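Enquirer: The following comprises the amino acid sequence and a computationally predicted model.
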Amino acid sequence: FRTMQRATAQIPPEARAALAEVVAELAASGVEIQSMEDLQAALAARPDLVARLAGLMADDGPSVPPQFADDLRAAEEGEARYRRSGDVAGLDAAVAAWQRILDHPTFAAADPRFRLAAWNDAGGIFLRRYWARERVDDLSTAIDLWQQAVETTQPGSPDLPMYLNNLGNGLSTRYTRTGNFDDLQAAISSYQQAVETTQPGSPDLPSILNNLGTGLSTRYTRTGNFDDLQAAIDLYDRASQQGLVAAPEATLVSARTGSSLALETKRWVECARLVDYGLQAIQTLIAVQIERSAQESWLREAQGLHLRGAYALAQQGRLTEAVEMLERGQARLLAQALEENRADLARLQQTAQADLYTRFRRTLDERSRLLAAMEGQGDAALLGDVRRRLRANHEERQAVISDIQSVPGFEDFMAAPSFGRVAPVLAPAPGQAGVYLLATTAGGLALIVRAEAGKADFAVTPLWLDGLTES
């Protein structure tokens with residue numbers, strides 16, 4: 001799939017979305033696409049998909065009017081220059097190019113779809129330059145452009161949630177800058193409308209739910225309305241759960257923020273559940289990134305998450321689970337687990353069970369194809385179908401992992417630490433004990449694990465340290 005992505009880099013974005021949908025259909029029928037040659041051969045045997053691809057590409061987006069082509073190219077090159085080097089002059093060039101497009105005498109008569117896309121993309125560049133140069137005029141321009149996109153978009157358009165979410169982001173940013181409460185209220189309203197108009201199975205929904213939760217928690221900080229805080233926690237909970245399969249990065253962000261608020265309000269059950277969602281997301285990310293050399297930034301995002309979860313579990317009397325969560329979430333061990341799992345896969349290729357390696361890799365490639373097919377998809381039926389395939393893909397990957405764990409020497413592949421494995425290491429003999437010490441914003445805790453004399457069991461004793469906090 002990565003080979004095909006590189007080969008299709010020159011294909012226009014609107015065509016790529018259509019192509020991804022057809023590739024997902026081929027993958028679902030068992031056809032593996034590793035190159036453009038594979039794709040051409042597969043399509044030669046499927047004239048029905050050739051016809052569908054032509055139809056999708058015919059109405060999948062507006063064409064660029066020729067009078068805007070040069071400026072659009074200049075805008076893309078300026079943005080790419082900034083992303084590549086951090087040179088703000090690249091942003092200036094992109095803004096200037098977008099301004100020429102917006103001010104062109106024929107812009108008002110251009111295809112409405114092109115104008116909507118231009119308002120949205122130009123808004124993103126103006127906001128990015130605001131972040132770089134802190135010019136309030138840039139922020140106001142971004143908000144005005146997104147407002148125009150929202151007001152011009154027809155109800156039911158699959159693009160409307162994106163425009164509403166972007167408008168909410170702009171308004172939230174201006175509230176942070178000015179403290180104008182009306183901006184915060186308007187941002188929350190935009191996020192609420194974005195949630196209401198987003199298809200239930202959309203991979204964008206978790207991040208929009210997260211944004212709405214952030215807006216409500218910000219309003220709680222301003223007004224002290226406890227209902228806003230409770231609603232924010234529920235939204236983070238919903239975002240975390242919905243993102244597990246298709247958007248684990250969004251799950252991790254929501255779990256981190258939501259668990260912090262749940263800890264603050266002593267909602268122990270929700271706090272522990274949110275942390276568990278976050279740690280599940282990490283396991284998915286470990287699986288997905290197991291053969292990548294890219295930096296695993298999510299490890300930083302996960303720091304401290306397990307401490308809140310363990311504290312919340314201990315508050316419920318679930319002490320052995322608290323120990324397991326502490327072990328699951330240690331960033332050092334996660335990084336170590338990632339490297340060990342990569343090494344295990346390399347070893348597996350050299351054994352008689354190399355087919356398990358191939359099956360595992362196939363589930364990862366299939367996941368990439370399905371996620372590509374979901375991107376920008378507004379058809380509810382197709383979204384639901386792809387989401388069902390993602391769940392099936394996740395279940396298949398778990399089954400392959402289980403099969404790998406059954407191979408001698410690979411028992412710990414992708415395995416979460418259990419209390420039964422951890423306790424004997426902490427307390428190898430009667431009279432010996434191991435201690436976990438943790439601090440959270442709600443207080444501190446020591447968990448003492450002892451081997452009980454004359455028994456095969458281990459006891460966990462909590463020692464509450466209310467004066468020990470993160471600060």
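Expert: Received the coordinates, thanks.

Enquirer: Show me what the lengthiest helix in the chain packs onto, helices and strands only.
Expert: Longest helix in the chain by number of residues (criterion: DSSP state H): helix 380-405. Under the contact definition 3 or more CB pairs under 8 Å, 6 or more residues apart in numbering; DSSP states H and E, helix 380-405 sits against helix 13-28, helix 268-288, helix 354-374. The C-beta positions use only the backbone N, C-alpha and C, and glycine is treated the same way.

Enquirer: which of those helices is buried the deepest?
Expert: helix 268-288 (a mean of 23; mean count of other CB atoms under 10 Å).

Enquirer: Which one, of the helices and strands packed on helix 380-405, ends up nearest to residue 225?
Expert: helix 268-288 (18.6 Å; CB to CB).

Enquirer: which strands and helices sit next to that closest one?
Expert: Counting by 3+ CB pairs under 8 Å, 6+ apart, helix 268-288 packs on helix 226-242, helix 248-264, helix 298-301, helix 305-315, helix 319-329, helix 331-348, helix 354-374, helix 380-405.

Enquirer: Can you get me a residue count around residue 263?
Expert: For residue 263, the tally of surrounding residues (other CB atoms under 10 Å) stands at 25.

Enquirer: Surely it touches residue 313?
Expert: No. Using CB atoms under 8 Å as the test, residue 263 is too far from residue 313 to be in contact (11.7 Å).

Enquirer: Could you list the buried residues of the longest helix of the chain?
Expert: 382-383, 385-387, 389-390, 393-394, 396-397, 400-401, 403-404 (16 or more other CB atoms under 10 Å).

Enquirer: just stretch 421-432 next, same as before
Expert: Neighbour count says stretch 421-432 has 422-423, 426-427 buried, by 16+ other CB under 10 Å.

Enquirer: Of these, which is the nearest to residue 63?
Expert: So of the buried residues of stretch 421-432, ranked by how close each gets to residue 63 (CB to CB), first place is residue 422, at 60.2 Å.

Enquirer: do you know how far the spatially closest residue to that closest one that is not a sequence neighbour is from residue 306?
Expert: Leaving aside its chain neighbours, residue 422 sits nearest to residue 327 (5.5 Å; criterion: CB to CB, 6 or more residues apart in numbering). According to CB to CB, to the nearest Å, residue 327 and residue 306 sit 8 Å apart.

Enquirer: of the two, who's got more company?
Expert: Neighbour count, other CB under 10 Å: between residue 327 and residue 306, residue 306 has more, with 27 against 19.

Enquirer: Contacts only, for the more buried one.
Expert: By CB atoms under 8 Å, 6 or more residues apart in numbering, residue 306 lies in contact with 275, 279, 325-326, 328-330.

Enquirer: Name the member of these that has the highest neighbour count.
Expert: That'd be residue 275 among the contacts of residue 306, by other CB under 10 Å, with 31 neighbours.

Enquirer: Counting neighbours, what do you get for the nearest residue to that one once chain neighbours are set aside?
Expert: Among residues not flanking residue 275 along the chain, residue 309 sits closest, at 2.9 Å (CB to CB, 6+ apart). Residue 309 has 31 neighbouring residues, counting by other CB under 10 Å.

Enquirer: Same question for residue 103.
Expert: Residue 103: 8 neighbours (other CB under 10 Å).

Enquirer: Quick check, pLDDT for it.
Expert: Note on residue 103: pLDDT of 97.

Enquirer: again with residue 377
Expert: Confidence score, pLDDT, at residue 377: 55.

Enquirer: Residue 455 now?
Expert: 62.

Enquirer: now do residue 159
Expert: 92.

Enquirer: Dihedrals phi and psi, residue 78?
Expert: phi -60, psi -40 (degrees, to the nearest 10).

Enquirer: and what of residue 461?
Expert: Per degrees, to the nearest 10, the backbone of residue 461 is at phi -120, psi 130.

Enquirer: for it, what are its contacts?
Expert: 319, 447-448, 450.

Enquirer: Minimum pLDDT in the residues you listed, which residue is that?
Expert: residue 450 (90).

Enquirer: who does the helix or strand hosting that one pair up with?
Expert: Using DSSP states H and E, residue 450 sits in strand 443-451. Strand 443-451 has its sheet partners listed here by DSSP bridges as strand 433-440 (antiparallel), strand 458-465 (antiparallel).

Enquirer: residues in contact with it?
Expert: 310-311, 314, 319, 322-323, 326, 422-424, 426-438, 458-469.

Enquirer: quick revisit: got the angle for the longest helix of the chain vs helix 268-288?
Expert: 80 degrees (axes from the mean of the first three to the mean of the last three CA atoms, to 10 degrees).

Enquirer: for the stretch 351-471 of the chain, which spans come out with low pLDDT?
Expert: Scanning the stretch 351-471 of the chain for pLDDT under 70 picks out 374-384, 453-456.

Enquirer: let me fix that: the stretch 201-350 of the chain
Expert: In the stretch 201-350 of the chain, residues with pLDDT under 70: 286-301, 331-342.

Enquirer: let's see it at 50
Expert: Residue ranges of the stretch 201-350 of the chain with pLDDT under 50: 291-295, 331-332.

Enquirer: Contacts only, for residue 416.
Expert: Residue 416 neighbours (CB under 8 Å, 6+ apart): 283, 324, 328.

Enquirer: The residue lying closest to the second one once chain neighbours are set aside: neighbour count?
Expert: Taking CB to CB, 6+ apart, and ignoring the residues beside it in sequence, residue 324 has residue 419 as its nearest neighbour in space, at 5.4 Å. Using other CB under 10 Å, residue 419 has 18 other residues around it.
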